[in-house]
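# Model the following, please.
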Amino acid sequence: MKTRKQKEKESEKLREELAQVSTVILSTFQGIPAEQETVLRRGVESVGGHYRVVKNAVAERAAEGTAAESLLKGLIGPNAISYTAEDPVAFAKTLAKLAKEIPAIEFRAGLVEGRVVSVDELVALASLPSREALLTKIAFLVQSPIQRIAQALAGTARNLAVVTEEAAKAEKFAK
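Coordinates of the predicted model:
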């Protein structure tokens with residue numbers, strides 16, 4: 001059993017981490033075998049996140065004064081928290097994928113960019129394209145009109161060259 005000092009130290013460390021994150025996802029953890037929990041932790045860490053099982057009182061105390069305070073206040077039952085300061089979409093996608101592989105994981109709520117979100121909103125977030133895919137689409141959409149203008153200008157120059165060539169041929173035949 002942890003001493004009071006150890007619990008305070010754990011709570012303070014969690015508070016420091018929660019103060020720096022933008023996304024927190026609350027889930028269940030009961031019934032997850034140890035090897036699957038290891039897979040879960042590694043998956044979350046692969047996208048720059050953390051996965052922790054903490055007592056509700058410790059989580060609530062640690063969240064005081066952070067953006068996660070409203071999410072972690074008044075927790076009931078066994079809970080696990082996953083959090084990251086990185087890309088929330090990639091984080092949610094990874095957790096959703098892991099939840100499919102490990103059916104014992106069940107989302108309860110989340111905090112994304114300072115706003116508490118429901119399970120449905122978390123699922124919607126996980127279904128969004130990645131940041132890189134969105135940037136690629138934006139680049140394509142920006143580039144598309146530019147390509148059309150370049151093709152139109154090139155077409156005009158090409159047509160002028162053809163007309164000039166035909167005019168030169170016509171002049172040659174006229175002589």
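
# Distance check, Ser130 against Val89.
Relative to Val89, Ser130 is positioned 6 Å away (Cβ to Cβ, to the nearest Å). All C-beta spots, glycine's among them, are computed from the backbone N, C-alpha and C.

# So these two - more neighbours on which side?
A count of neighbours by other Cβ atoms under 10 Å puts Val89 above the other of Ser130 and Val89, at 20 against 12.

# Make sure I have this right: Ala170 is in a strand.
No - with DSSP: H, G, I helix; E, B strand; the rest coil as the criterion, Ala170 is assigned helix and is not in a strand.

# I'd like the distance between it and Val163.
10 Å.

# And Gln36, by the same measure?
Counting by Cβ to Cβ, the gap from Gln36 to Val163 is 72 Å.

# More neighbours: those two, which one.
More crowded of Gln36 and Val163, by other Cβ under 10 Å: Gln36, with 16 against 10.

# quick one: the helix or strand containing Tyr51 to chain centroid distance?
For Tyr51, the host element (DSSP states H and E) is strand 49-53. In terms of Cα atoms, centre = their mean, to the nearest Å, the centre of strand 49-53 is found 16 Å from the chain centre.

# buried sites along the helix or strand following that strand?
The C-terminal neighbour of strand 49-53 among helices and strands, as given by DSSP H and E, is helix 56-63. Within helix 56-63, the residues that count as buried by 16 or more other Cβ atoms under 10 Å are 58-63.

# Pick out whichever of the residues you listed sits closest to Leu95.
Set against Leu95, the nearest of these by Cβ to Cβ is Ala59 (17.4 Å).
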